[in-house]
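Colleague: I would like the atomic coordinates for the input below:
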Amino acid sequence: MTLRSVLRQRDVNLEVIVVDEASTDDTPAMLAALHDSRVRVIRHDTPSGVANARNRAAAEAHGDWLAFLDDDDLWAPEKLVCQLQAAQDAGRDWAYTGAVVMNMHSQILRVQRPLPPEEIVTALPRQNAIPGGGSNVMVRRTTWKIVGPFNTRLRNTEDWEMWIRLAKHGTPACVCSPLIARRLHHSNSTLDIAEIVRGTQLIEALHHTTADWGRLHRWFAHSYLRAGRPWAALSEFARAAVGGHGREVASDLRVILQSKVAGRTPASRDHNGDDAWIGMATAWIQELLDSSPEGILSQST
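Modeller: Model prediction:
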């Protein structure tokens, strides 16, 4: 479904470079059966890591702009054209958008609204403020060559480190719409907390910055909850509160408690436009799902 979301992009000419990281399932056969001239496959016989995979694809690309998509995320059909138009209108060399987060049952769990461009530039040295991970940003290929490739020393914070370098190069353009859907599952690299800690410390050293560890501990708490480790999550919530995020932790715990009482999956929902945002995302995700045998979209309430 991820690749389908790319091939359904509207009003843009694109080439699709799929990096097959030594898959052992039916991926090669599925790709061979596509018969789509826009798709080119590069196979690595041994896994090389997400940074290497993205760098290889970018080096092979011929287009003027680059965009990256992880194999567990989805794009709205107007994602690329909206970002391209925003970048061109603002005279910017890179662009980002907003996102929603959903589970593998296509249930939308929460929204991720993007900060305005000037705030993004200020926030990036302390946090990965761009929603959607590596699946978000579109960047001019010449700019990507100037700032350099993804740092292969990083395994699951490589996108954040790249965005910091892009922000140093120049302010981005923003499309304030939910044009990305991130899918949560038990194999997400963001669940590797030890690697996130290592990567964050390396980013601090490389860019002479101090990360917002309170925010990170809050993130770790939610990761532990997903992994079924509530006591570890509670410890991380306490660290997040000590790190200056007491109000956010209190809100998180309230949502979790309310969800437990109601017998539903916790979702970070407020009442300041979430329903409208989710409605926009639901429309394009449902359209994609309708073309796929993989399921029907539902919403958390």
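
Colleague: quick check: mean pLDDT across stretch 66-76?
Modeller: On average, the pLDDT along stretch 66-76 is 94.

Colleague: that one spans what distance, first to last residue?
Modeller: 16 Å (CA to CA, to the nearest Å).

Colleague: let me see the contact set for the spatially closest residue to T171 that is not a sequence neighbour.
Modeller: Leaving out its chain neighbours, the residue that sits closest to T171 by CB to CB, 6 or more residues apart in numbering is P117, at 5.0 Å. Every C-beta, even on glycine, is put in place using the N, C-alpha and C of the backbone. P117 is in contact with R92, T171, P172, A173, C174, counting by CB atoms under 8 Å, 6 or more residues apart in numbering.

Colleague: repeat that for 6 Å
Modeller: T171, P172, C174 (CB atoms under 6 Å, 6 or more residues apart in numbering).

Colleague: tell me which of those fall in strands.
Modeller: Among the contacts of P117, the ones falling in strands (DSSP state E) are C174.

Colleague: let's have the contacts of P117 in a markdown table, adding pLDDT, neighbour count and distance to T46.
Modeller: Output for those, formatted as a markdown table (pLDDT from 0 to 100; neighbours: other CB atoms under 10 Å; distance: CB to CB, whole Å):
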| residue | pLDDT | neighbour count | distance to T46 |
| --- | --- | --- | --- |
| T171 | 98 | 17 | 39 |
| P172 | 98 | 27 | 34 |
| C174 | 98 | 23 | 38 |
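
Colleague: quick one: which of the contacts of P117 is nearest N151?
Modeller: Comparing the contacts of P117 against N151 with CB to CB places P172 closest, at 19.2 Å.

Colleague: quick revisit: measure the residue nearest to T171 to T209 for me?
Modeller: 19 Å (CB to CB, to the nearest Å).

Colleague: next one: N52
Modeller: For N52, the distance to T209 - CB to CB - is 25 Å.

Colleague: equivalent analysis for S292, please.
Modeller: Relative to T209, and taking CB to CB, S292 is found at 41 Å.

Colleague: quick one, what contacts V6?
Modeller: So V6 contacts V16 (CB under 6 Å, 6+ apart).

Colleague: you'd agree it is in a helix?
Modeller: Yes. Checked against DSSP: H, G, I helix; E, B strand; the rest coil, V6 lies within a helix.

Colleague: gap between it and M138?
Modeller: From V6 to M138 the distance is 13 Å (CB to CB).

Colleague: and for R153?
Modeller: 24 Å.

Colleague: who's more crowded, those two?
Modeller: Between R153 and M138, M138 has the larger neighbour count (other CB atoms under 10 Å), namely 23 against 14.

Colleague: give me the phi and psi for the more buried one.
Modeller: Dihedral angles of M138 (phi, psi; degrees, to the nearest 10) stand at phi -110, psi 130.

Colleague: kindly report the same for V19.
Modeller: The phi/psi pair for V19 (degrees, to the nearest 10) is phi -100, psi 110.

Colleague: my read is that A233 contacts H222, right?
Modeller: No. Between A233 and H222 there is no contact under CB atoms under 6 Å: 7.2 Å.

Colleague: looking at those two, which one has more neighbours?
Modeller: Set A233 next to H222 and count neighbours by other CB under 10 Å: A233 wins out with 22 against 19.

Colleague: element containing that one, please.
Modeller: helix 230-240 (DSSP states H and E).

Colleague: quick check: next helix or strand after that helix?
Modeller: Using DSSP H and E, the helix or strand that follows helix 230-240 in sequence is helix 246-262.

Colleague: which positions within that following helix qualify as buried?
Modeller: Residues E248, V249, D252, L253, V255, I256, S259 are the ones in helix 246-262 that count as buried (16 or more other CB atoms under 10 Å).

Colleague: angle of it against helix 230-240?
Modeller: 150 degrees (axes from the mean of the first three to the mean of the last three CA atoms, to 10 degrees).

Colleague: same for helix 246-262, what does it pack against?
Modeller: For helix 246-262, there is no helix or strand it packs on, judged by 3 or more CB pairs under 6 Å, 6 or more residues apart in numbering; DSSP states H and E.

Colleague: in what helix or strand does V12 lie?
Modeller: Taking DSSP H and E as the definition, one finds V12 inside no helix or strand.

Colleague: which ones are touching the closest residue to R239 other than its chain neighbours?
Modeller: Of all residues not flanking R239 in the chain, H217 sits nearest, at 4.0 Å (CB to CB, 6+ apart). Counting by CB under 6 Å, 6+ apart, H217 touches E236, R239, A240, G243.
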